[in-house]
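got a structure for you, letters missing:
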């Protein structure tokens with residue numbers, strides 16, 4: 001049976017502490033529904049953009065948003081399909097999470113992994129390879145030098161290795177492992193096994209995300225750790241390969257500690273950034289206390305409030321920078337609404353007027 005080998009280092013403990021502190025703030029921050037929807041939408045967009053860009057998709061974040069919004073984008077059919085597919089994977093994760101809940105009593109299945117791969121590679125791989133384990137040997141090559149950097153296990157071993165991993169996920173031992181550590185272990189092991197001819201990275205990260213959700217770490221679906229990986233993809237792949245290429249007699253003797261330190265640091269950085277953003281606009285609680293009701297702000301009004309939190313004030317000269325596509329009159333109308341609600345006040349004369357939080 002698969003038994004991961006790793007050590008709980010001071011770095012891991014420190015980063016898990018950051019994760020827990022951030023999670024506490026995010027989970028209990030009072031936000032109006034409009035902000036909550038905005039955060040989730042942004043997390044989905046970041047996950048899809050960085051998750052596919054990490055694998056070589058050239059579409060920009062703006063183009064990804066256009067694809068998700070149903071707008072026409074001039075790009076290769078494959079690149080657009082990858083975006084659509086990864087959105088479907090995230091929808092599938094939401095569906096499984098909604099069905100099973102976060103009781104911690106789930107029974108994870110091989111079929112779930114295969115379905116996630118099928119969704120990831122729909123219209124990209126032929127039907128005989130989509131949602132199916134590979135039946136031939138593959139190698140990982142350095143894109144610049146062409147040299148083989150990693151050779152995954154033989155194809156004949158793949159079904160047994162994945163079954164071993166799934167059995168561990170459902171074991172009593174795994175239920176005692178911290179969800180972030182467990183997600184990191186699962187991500188590494190799927191990347192090491194490399195069970196498919198293509199789409200292994202997206203499936204590994206998708207399964208890790210699903211496990212986090214099922215273990216109660218959905219964190220309001222505000223986060224996306226793909227951005228951390230995509231900021232330095234070379235470090236991501238080298239860290240994975242450094243563990244996989246350890247010279248040991250038994251693959252279970254590989255020490256996952258370096259990978260887990262890297263993975264957990266990424267989760268800590270992402271959640272800390274989300275926490276800081278949530279804190280900046282969690283004045284919704286004060287707004288509710290002040291007005292006796294929650295105020296559903298529109299997109300422009302939310303942007304103004306966030307800008308005021310970050311910069312402490314806004315002048316007419318800032319309008320074009322914050323809203324390049326809207327007239328000054330439009331911005332002034334939004335500020336007038338916020339003033340009427342008692343959220344913003346105006347100081348100074350007409351030409352040098354400054355709007356600040358009240």
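Everything's here; your move. Source: prediction; values computed, not measured.

C-alpha from now on. contacts and neighbour counts both.
Fine.

As a check, name the ranges of all helices in the stretch 251-358 of the chain.
Remark: helices assigned in the stretch 251-358 of the chain by DSSP state H, counting those that start in this stretch are 257-281, 284-291, 299-311, 319-322, 328-340.

Could you point out which of the ones you listed sits nearest residue 179?
When the helices of the stretch 251-358 of the chain are compared by C-alpha to C-alpha, helix 257-281 sits nearest residue 179, at 10.5 Å.

How is this protein divided into domains?
Each domain of the chain is listed here as a residue range: 10-281, 297-357, per automatic domain parsing.

Show me the shaky parts of the stretch 201-350 of the chain.
Within the stretch 201-350 of the chain, the stretches with pLDDT under 70 are 280, 282-296, 350.

90 instead, please
Along the stretch 201-350 of the chain, segments meeting pLDDT under 90 span 225, 245-253, 276-312, 316-317, 320-322, 324-326, 339-343, 347-350.

Would you mind pulling the contact partners of the helix or strand containing residue 189?
Using DSSP states H and E, residue 189 sits within helix 179-193. Applying C-alpha atoms under 8 Å, 6 or more residues apart in numbering, the contact partners of helix 179-193 are 4, 16, 152-153, 158, 161-162, 165, 174, 200-201, 204-205, 207-209, 211-212, 215, 217, 240, 244, 256, 259-260, 263-264, 267.

ok now stretch 261-272, how far from the chain's centre?
Its chain's average C-alpha position is 11 Å from that of stretch 261-272, according to C-alpha atoms, centre = their mean, to the nearest Å.

Grab the nearest non-local neighbour of residue 278.
Nearest non-adjacent residue to residue 278, counting by C-alpha to C-alpha, 6 or more residues apart in numbering: residue 26, 6.6 Å away.

And that neighbour, how close does it get to residue 166?
30 Å (C-alpha to C-alpha, to the nearest Å).

same check, this time on residue 257
With C-alpha to C-alpha as the criterion, residue 257 and residue 166 are 21 Å apart.

hmm, back to that, narrow the contacts of helix 179-193 to just the buried residues.
4, 16, 152-153, 158, 161-162, 165, 174, 200-201, 204-205, 207-209, 211-212, 215, 217, 240, 244, 256, 259-260, 263-264, 267 (16 or more other C-alpha atoms under 10 Å).

Residue 219: what's it in contact with?
Counted by C-alpha under 8 Å, 6+ apart, residue 219 has contacts 23, 26-27, 213.

Please identify the most buried of the domains of the chain.
Among the domains of the chain, domain 10-281 has the highest mean neighbour count (mean count of other C-alpha atoms under 10 Å), at a mean of 18.

and that one, how far apart are its ends?
Domain 10-281 end-to-end distance (C-alpha to C-alpha) = 33 Å.

before we move on, which element is residue 130 in?
Counting by DSSP H and E, residue 130 is found in no helix or strand.

can I assume it is in contact with residue 122?
Yes. Applying C-alpha atoms under 8 Å, one finds residue 130 in contact with residue 122, separated by 6.7 Å.

What sits closest to the spatially most central residue of the chain if chain neighbours are left out?
Nearest residue to the geometric centre of the chain (C-alpha atoms, centre = their mean): residue 224, 1.7 Å. Spatial nearest neighbour of residue 224, excluding adjacent residues (C-alpha to C-alpha, 6+ apart): residue 47 at 5.2 Å.
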